[in-house]
Every structure is written in structure tokens, then in C-alpha cells.
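Enquirer: For reference, the sequence and a predicted model appear below.
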Amino acid sequence: MRVIMDTITASQQIAAGFDTTYIQLPEKFYQRQRPDHVPSPRLIRFNSRLAEELGLHFEMMDKDQLARYFSGDRLFVDAEPIAMAYAGHQFGSFVSQLGDGRAVLLGEIVDPHGKRYDIQLKGSGPTVFSRGGDGKSPLGPVIREYIVSEAMHCLGVPTTRALAMVGTGEDVWRPPGKLPGGILTRVSSGYVRIGTFEYFFARNDLEAIRQLADYAINRHFPEIHDTDNPYLSFFQEVSERQASLVARWMQLGFIHGVMNTDNTAICGETIDYGPCAFMDEYNQNKVFSSIDMRGRYRFVNQGSIILWNLGSLGNCLMHLFDTDKEKAKQSFLEILEKTQEVFLQRWQQGMGYKLGLQTVEDDDIDLFKGYLDILSEQKADYTLAFRYLADNVGEDTVSDRYEQLFSHPEKTHRWMQAWHTRLTREKQSPEEIVSFMNRTNPAFIPRNHRVEKAIQMAERENSFEETHRLIDILANPCEEQPDAVEYMLPPKPEEQVQQTFCGT
């Protein structure tokens, strides 16, 4: 819904065009919750392009007003803020009550194309689900999530998006001490999670599970209403979306870091950019999260973990599949088996694209694995090893910038011969293959050391120049940007970031 304003005064009540459906569910699904007062909100960045896409028109609001409304210090007149209830498996252990402990859903809007989105504040103060926490967010995690979520969108990955970033003007206490506070306004197709279903399953509230499934089907999958078994179709749709999503993460070298069931969204978007990171040098066992002590969510595990999470969802829904428990279980297992196949197909297809292959042959898997083995052995940069590979299409020699990625570049030559032979069976010309590879393999990713530099400048110097620069560069990840070449490069040894943090 559009909100058109000619003039705005400080005393006017402003509507955002909210049309919130989640509050039509019984109140056990959420708690009404007003965001905390914010002493001195300061608008750091507003995503005007996203606002335009959503049909939100706030052009006549000044920066101070935007800061007030997108910190929650003032409420849109049609907002009915709530904290959503959910549970979740965290690092394999079940927690029966989590919920939005530092987030508030302001409301839902419908964009000009009829698609519905949730608008949520993150870091807006304690809720009934805070479990003793302060409900606040340091500014650092807000900057990280804004940068990385928008970068993921520009990379073509389904994701929550960032609408606004606000400094609160108050301090938040986290180890090792005092940090400036921040609030992120983020947008999603929906914040219902696997953990939302688990919340009611833990309470043996089967009717609530049915209500939640009906809500999710109506909102996200209305086309499955007419299938023979809508609940089974729902589970299959969610599973396939998640399998495709995680396969895409892995093609980009992305590590989520906290793949708990409460961080797995039914709509199939990446959610919660806490201790996430992109790999620099390729290491299939890489872990960045400071809280993932045993490496449960390391890079190579992400495909199996999403199946584990989907198993938890299927367990909640199984009573809806069939009154015959054995038939329900069999249907559940068949979908999980198919989901594993979907994941492998999507991963293999995506890896083929990275190598310039638009057709599929049985032996391609050996080509992918052979290349990854070389990257692992030589500690080569994952992103640039694919980006610079396009330099060598149709060439007898190897480009200098490609060779410089490897400690022993001669070891890539035999593999490259096999790759060149495979490319001859593609229908595209060398020029077309190069163009395709450069549209597939990004030159720019939100490298940890660059994100960390932006955060440090904001926290220590109150400067957001690096934050804005990084966001702008990452908006065109596959384009060569001559004035930003240094942002393509991996970190020097002294710049490496080995751990990322949640911020809770």
C-alpha cells in the first residue's frame, strides 16, 4: 500500500500502509510489544531504492523523522508492533521458548506487485521473550547485517533486506565493554521459522500447528491449496526452497554460522546475519562463529544441517500428512530423500555455472571436486580462483593474476587441460563463456576484514564513510570496478578475521 505525503510536520501522525495479518492469529502466537524509547536516534543509512520497490514513500520526511520512526521511538499510526513466539534447536539442543527477544514486527505491507512483506526492528529493546537480556544491539552487528544482507541480495541470494540503519545514541554493554548501540530495520517475505512450529509442537498444541501451517500456505504458497495433500505439498515446497538456498550459499563460499531451526525461515530466505562470513582461502571445514565450538555449522556441513532442520519441521507437521502414522512417516522420508537430491542437483548445477558449463555431464562432479581439492591444498582464495579462471578460457597460457593465487601454479595445469577439453563440448563461443562466467562469479564479496574495518571506524571514530563505500561497491558485485580493485583482494595476514560474533 502506498503512502503519499506532500508535507510532514513533527506533530503529524504518519501511516506506513501496514496491513498486518499475523495478528489475526490467536495471541499465543505473539505478544504485543512497543519498542523502547531511544534517546538520540541518528539515521546512518536509509535504503531509498528498497523503499521505492516496496511502494513506501517517505520522501518528505527529513533524516530526524526517519531516525525516530525507524528506531521505534515513534510509531507509525497504523503500526501494531508485536514480538513473535518461537522455539528452536540451537546447536542441536532444543530450547522450548526463544521468541523475538530483541526484535519487534512493526507490520506488514503489500508492494505494488501485490507481494506481502514484514517490516521488523532489530535491537529495539526487551520483550517478554528476552530471557533477562537487554533486547538491544551493538552498532557493529547492525552494520554487518546491513552490509551482508544487501550484498547477498545483489548476488541473487534470497534474503532478508535492510531498509534502515540507526544509531541509538546510547551505549550497549557486551564483552569486552561499552559499545555504541544501533537498530536495524529489516524486511522479509515472512519471519515464520521452523522454530515457530517447534514452539507449539513442544506444547502439544496440534491445532496451533494446523493454524500456523494454514497461515503459511495462504501467505507463501497459495498455489498448493488445490493439491491432493496441501500440508505435504507445503513441507515439500519449504524443503526445496531451503535446499536451493543452502546450495547457493555454498557456491559463493558463504558460511551462515548459526543454522539453528529458529534461524531457518519458512519463506526460504537467508535470515539472521550474526556470526556469518564469506571464506577467503578455501577450507571446507572453516568455522567463523565464536559460539560454534564443535564446528557443527562449518562450511561443508551446511547441506546436511539443512536436512536435519527440515527433519525437525517434518516431525512437527507429520500428524497433518496422514491419519495413518506409517504412511505419514513414509511420505516424510520420501520428501527428505528428494530434498537431498534437489540440494545436490542445485549445487552441481551452480558449480558447473562457475566453471562456465551450462550443460551437465556425469563426470562433471570429478571436475568440480578436483578443482576444490587444488584450492584447498594450495590455500587459494575461493572467490578469485573462480573469478580469474575466466581469464584462461580459450587460452594456451595462464593469466598472471590467476597464477598469483597459487603457491604452486603448475599443479593447476593438468586440471586446466581437462577443463579446456570439457569446455569444447559447450555450444557457446569462448567469448560467451567468459561473459557467462563473469556474470556468475563475483569480483566483490563482503570480505570479513573489510566489514570489520567499517565497524571499527564506526565504533571508534564515529565515521561511516567505509560503511557507505562498501555498500555501494557491493551493489555491483560482478562488475569490474577499477577504482575499487583493493576491495576485491583477500586480506593480508595481519588483516585476517578469524572469528565473528552474534551481538546478543
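Expert: Cool, the structure landed.
Enquirer: for the helix or strand containing Leu344, packing partners?
Expert: Assigned by DSSP states H and E, Leu344 belongs to helix 325-354. Applying 3 or more Cβ pairs under 8 Å, 6 or more residues apart in numbering; DSSP states H and E, one finds that helix 325-354 makes contact with helix 230-252, helix 302-321, helix 364-378, helix 430-440. Heads up, the C-betas are built off the backbone N, CA and C, glycines and all.
Enquirer: Can I get these in a markdown table including distance to Thr185, mean pLDDT and mean neighbour count?
Expert: Putting the helices and strands packed on helix 325-354 into a markdown table (distance: least, Cβ to Cβ, whole Å; pLDDT from 0 to 100; neighbours: other Cβ atoms under 10 Å) gives the following:
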| stretch | distance to Thr185 | mean pLDDT | mean neighbour count |
| --- | --- | --- | --- |
| helix 230-252 | 23 | 98 | 22 |
| helix 302-321 | 27 | 97 | 19 |
| helix 364-378 | 38 | 96 | 16 |
| helix 430-440 | 31 | 97 | 16 |
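Enquirer: So which of those is nearest Asn283?
Expert: helix 364-378 (6.5 Å; Cβ to Cβ).
Enquirer: Compute the inter-axis angle for the closest one and helix 325-354.
Expert: Angle of helix 364-378 versus helix 325-354, following axes from the mean of the first three to the mean of the last three Cα atoms, to 10 degrees, is 70 degrees.
Enquirer: Run the chain-centre distance for helix 364-378.
Expert: 26 Å (Cα atoms, centre = their mean, to the nearest Å).
Enquirer: who touches that helix?
Expert: With Cβ atoms under 8 Å, 6 or more residues apart in numbering as the test, helix 364-378 has contacts from 281-284, 348, 351-352, 355, 357, 380, 382, 385, 405-408, 411-412, 415, 418-419, 422.
Enquirer: let's see 10 Å
Expert: Helix 364-378 is contacted from outside by 279, 281-285, 344, 347-352, 354-355, 357, 361, 380-382, 385-386, 389, 405-409, 411-412, 414-416, 418-419, 421-422, using Cβ atoms under 10 Å, 6 or more residues apart in numbering.
Enquirer: Okay, the closest residue to Pro112 other than its chain neighbours and Arg219: tell me how far apart.
Expert: Nearest non-adjacent residue to Pro112, counting by Cβ to Cβ, 6 or more residues apart in numbering: Gly55, 4.5 Å away. According to Cβ to Cβ, to the nearest Å, Gly55 stands 18 Å off from Arg219.
Enquirer: Which parts of this protein are strands?
Expert: Assignment of strands within the chain using DSSP state E yields the ranges 30-32, 42-46, 82-84, 88-90, 93-95, 103-110, 116-122, 161-174, 177-188, 254-255, 277-278.
Enquirer: and the spatially most distant residue from the centre of the chain, backbone torsions?
Expert: Farthest-out residue of the chain from its mean C-alpha position, per Cα atoms, centre = their mean: Asp396, at 39.6 Å. The phi/psi pair for Asp396 (degrees, to the nearest 10) reads phi -80, psi -20.
Enquirer: How about the contacts made by the residue lying closest to Gln33 once chain neighbours are set aside?
Expert: Among residues not flanking Gln33 along the chain, Ala83 sits closest, at 4.3 Å (Cβ to Cβ, 6+ apart). Neighbouring residues of Ala83 by Cβ under 10 Å, 6+ apart: 30-33, 35, 99-105, 120, 124, 126-130, 135.
Enquirer: Check Ala83 and give its pLDDT.
Expert: pLDDT recorded at Ala83 is 98.
Enquirer: re the thing from before, so can I have JSON lines of the helices and strands packed on helix 325-354 showing distance to Asp64?
Expert: What follows is these, written out as JSON lines (distance: least, Cβ to Cβ, whole Å):
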{"stretch": "helix 230-252", "distance to Asp64": "38"}
{"stretch": "helix 302-321", "distance to Asp64": "42"}
{"stretch": "helix 364-378", "distance to Asp64": "49"}
{"stretch": "helix 430-440", "distance to Asp64": "41"}
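Enquirer: To Ile109, which of these lies closest?
Expert: Going by Cβ to Cβ, the one of the helices and strands packed on helix 325-354 nearest Ile109 is helix 230-252, 22.0 Å.
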